[in-house]
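> here's my sequence, what's the structure:
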Amino acid sequence: MYLQCCNHTHEPIMLLDGVAVTIGRSAGTKILDKLCSRTQLQIVANHSKKYAMVKQLGANPSQIDGINIGQDRKCDKKGTSSLKSRENMHNSQKNKTSENFDNGTAADVGPPRATVSKSSHWSQGLKSSMTDSSLQVYKDDRVIVIKDKYPKAKFHFLVMPVENIVSTVHLNSAHASLLDHMWKVGRDIAKRSCDDDTKTRFRYGYHAVPSMSHLHMHVISQDFDSPSLKTKKHWNSFTTEYFVDAEDIIHEIKTEGKVKNRRHMTELLKNALRCHICHTELKNMPQLKKHIKDCR
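Numbers count the residues shown, from 1 in each chain. This is a model prediction of the structure:
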């Protein structure tokens, strides 16, 4: 789920499940009106229940469907609603059809009011990639495996269920056999991909807070030799505890019936750059990439 400006004057803002997002006057939203607070609205998405909670933080009026919310008051909305960050200004449409919400639908916020049609977002890219024959490397009645479009290593695959599951937080004990199957398929793909080169090491796992909608397990070689590996966030998402081993997810589902809340782990993406082998700290990505070639 994400916030998208109706006139596309700013980049979409991701709404993670249960995570509060504050919006208002800022360079990011392009809202300039000083009567709109920098922290005008707080929005919390609930993916499983298919609604969003909107709380007005700013002193000046904000509206949903033409009705003032009121400062420090909350309003839960489901269905198609009009959300204004300030009365008579900065309007938006909130599109939440049940069909799309399960796939991570958009809630649209920004100036000025406009009719919003269903649209794609980069976070929904896995849906189209699953059916792209140029990316697909394996398919059975339960899973599809594709090559990552922007691989972060020499070998980087995504194992995804055919079943529509948004992310790990939507898993329960009934998915245990599916997760076992995904792990087995991932290991088979890794073995086939490197032509019995036993020196190539792989990890199998999930991001603590995935940016892409639809459950996917990463199968990634530990050489991290790829031009698509560009930023600190890329690096830390695969080399810190932010990358959760598939075995740990399977264990949690089998013993607890659910996956732990790991939203706090987003802070790990800000960690200093460290070699995943010798843990030497490097100043920047070029230095790191040069170092890991010598450290293998």
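> and the helices in the stretch 101-250 of the chain?
Under the criterion DSSP state H, counting those that start in this stretch, helices of the stretch 101-250 of the chain are mapped to 125-129, 176-193, 232-239, 246-256.
> pick the most buried one from the ones you listed.
When the helices of the stretch 101-250 of the chain are scored by mean count of other Cβ atoms under 10 Å, the highest mean neighbour count falls to helix 232-239 (a mean of 19). All C-beta spots, glycine's among them, are computed from the backbone N, C-alpha and C.
> what residues does that one touch?
Helix 232-239 is contacted from outside by 152, 203, 207, 218, 220, 224, 228-229, 242-243, 268-271, 273-274, 276, 285, 288, using Cβ atoms under 8 Å, 6 or more residues apart in numbering.
> which of the residues you listed fall within strands?
Arg203, His207, His218, Ile220, Phe243, Leu273, Arg274 (DSSP state E).
> which of those residues ranks first by neighbour count?
Ile220 (26 neighbours; other Cβ atoms under 10 Å).
> quick one: contacts for that residue?
Remark: with contacts taken as Cβ under 8 Å, 6+ apart, Ile220 is in contact with Pro151, Lys152, Ala153, Phe155, His156, Phe157, Phe202, Arg203, Phe238.
> residues in contact with the third one?
What it means is Ala153. Ala153 neighbours (Cβ under 8 Å, 6+ apart): Ile220, Ser221, Gln222, Asp223, Phe224, Asp225, Ser226, Leu229.
> what pLDDT does the residue lying closest to Glu163 once chain neighbours are set aside get?
Closest residue in space to Glu163, ignoring its immediate chain neighbours: Leu178 at 7.1 Å, by Cβ to Cβ, 6 or more residues apart in numbering. Looking at Leu178, its pLDDT reads 98.
> what distance do you get for Leu178 to Leu171?
9 Å (Cβ to Cβ, to the nearest Å).
> overlap in contacts, those two.
Counting by Cβ under 8 Å, 6+ apart, nothing touches both Leu178 and Leu171.
> in three-state terms, how would Val44 be classified?
strand (DSSP: H, G, I helix; E, B strand; the rest coil).
> now tell me what touches stretch 132-149 from outside.
The contact list for stretch 132-149, computed with Cβ under 8 Å, 6+ apart, reads 125, 129-130, 156-163, 178, 181-182, 185-186, 189, 218-219.
> mind running it again at 6 Å?
Contacts to stretch 132-149, defined as Cβ atoms under 6 Å, 6 or more residues apart in numbering, come from residues 129-130, 156-162, 181-182, 185, 189.
> report the buried residues of that stretch.
Residues of stretch 132-149 classed as buried: Leu135, Val143, Ile144, Val145, Ile146, Lys147, Asp148 (neighbour count, 16 or more other Cβ atoms under 10 Å).
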